[in-house]
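Peer 1: here's my sequence, what's the structure:
(chains A and B)
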Amino acid sequence: DSGVTQTPKHLITATGQRVTLRCSPRSGDLSVYWYQQSLDQGLQFLIQYYNGEERAKGNILERFSAQQFPDLHSELNLSSLELGDSALYFCASSYSQDSPSYEQYFGPGTRLTVT
Amino acid sequence: GENVEQHPSTLSVQEGDSAVIKCTYSDSASNYFPWYKQELGKRPQLIIDIRSNVGEKKDQRIAVTLNKTAKHFSLHITETQPEDSAVYFCAASRGGADGLTFGKGTHLIIQP
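Peer 2: Predicted coordinates for the structure are as follows:
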């Protein structure tokens, strides 16, 4: 168990809908990263937040957005869903103030199925 | 942006033999190179990592080597065991203020 939690575990929704995925980082970690894993695209970095602020952006679509709250949990919002958005979405955390580190620890993921 | 190539895509070895997985990266500013192991339906698990100021790092049966000049790094697993069967991913980044760019993965199969 990495200490990173994600909810829900599974999500099934229809095209055109909007969903919110939630992530709680390891205790003390200030950075949260979101990744998408699909068979055709592999593991892709979407976006990073550090202590509430956006720090880096990867291959995130305009239909997707994220935020990190004062308690450091993060939410990834996916809207106008398409069949191709079906994937595993992982959140990872790193960088405790006590021990700054590059190591990223992944949560169990949310499996999104768009029908 | 960064591009990470990983080879081979599938590797089958006899139990007890060694396995080597290789990756190349394109961005000379990358300075952090982790390796993750992912079992079917599970999260990627960090197994070892190396920073650009180090050429080699070992942890029991696992070692990683880095050649900055050639921009490639490799994972070495010795005395392979059935529980080593999984998909292994290499990755690269510029450090804490950056996401990881992953390779496509290597499916390692340990034959009994």
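
Peer 1: beta partners for residue A:114?
Peer 2: Beta-bridge partners of residue A:114, counted by DSSP bridges, are residue A:13.

Peer 1: and for it, the neighbour number?
Peer 2: Residues within reach of residue A:114, counting by other CB atoms under 10 Å in any protein chain shown, total 19. For glycine as for every other residue, the C-beta is placed from the backbone atoms N, C-alpha and C.

Peer 1: what residues are up against it?
Peer 2: Contacts for residue A:114 (CB atoms under 8 Å, 6 or more residues apart in numbering or on different chains) come out as A:13-15, A:17, A:81-86.

Peer 1: again, but for residue B:64
Peer 2: B:33, B:35, B:48-50, B:56-57, B:73-76.

Peer 1: what do you get if the cut-off is 6 Å, keeping everything else the same?
Peer 2: For residue B:64, the contact set (CB atoms under 6 Å, 6 or more residues apart in numbering or on different chains) comprises B:48, B:50, B:57, B:75.

Peer 1: just the pLDDT for it.
Peer 2: We have a pLDDT of 98 for residue B:64.

Peer 1: and the one 4 residues further on, by the same measure?
Peer 2: Here the pLDDT value assigned to residue B:68 is 94.

Peer 1: so how far is residue B:50 from it?
Peer 2: 11 Å (CB to CB, to the nearest Å).

Peer 1: compare these two (neighbour count), which wins?
Peer 2: residue B:50 (20 against 15).

Peer 1: can you tell me how far that one is from chain A?
Peer 2: 11 Å (CB to the nearest CB, to the nearest Å).

Peer 1: could you point out which element follows the helix or strand containing that residue?
Peer 2: Element membership of residue B:50, judged by DSSP states H and E, is strand B:45-51. Downstream of strand B:45-51, the first helix or strand assigned by DSSP H and E is strand B:56-59.

Peer 1: and the contacts of that next one?
Peer 2: Contacts of strand B:56-59 (CB under 6 Å, 6+ apart): B:48, B:50, B:64-65.

Peer 1: again, only this time at 7 Å
Peer 2: Strand B:56-59 has contacts (CB atoms under 7 Å, 6 or more residues apart in numbering or on different chains) with B:48, B:50, B:63-65.

Peer 1: any idea how far residue B:58 is from whichever residue of chain B sits closest to chain A?
Peer 2: Nearest residue of chain B to chain A: residue B:99, at 3.1 Å (CB to the nearest CB). Distance, residue B:99 to residue B:58, by CB to CB: 27 Å.

Peer 1: now do the buried residues in stretch B:62-69.
Peer 2: Neighbour counts over stretch B:62-69 (16 or more other CB atoms under 10 Å in any protein chain shown) mark B:62-66 as buried.

Peer 1: now distance to residue A:101 too, for the residues you listed, in JSON lines please.
Peer 2: Formatted as JSON lines, the buried residues of stretch B:62-69 follow (distance: CB to CB, whole Å):
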{"residue": "B:62", "distance to residue A:101": "19"}
{"residue": "B:63", "distance to residue A:101": "21"}
{"residue": "B:64", "distance to residue A:101": "17"}
{"residue": "B:65", "distance to residue A:101": "21"}
{"residue": "B:66", "distance to residue A:101": "18"}
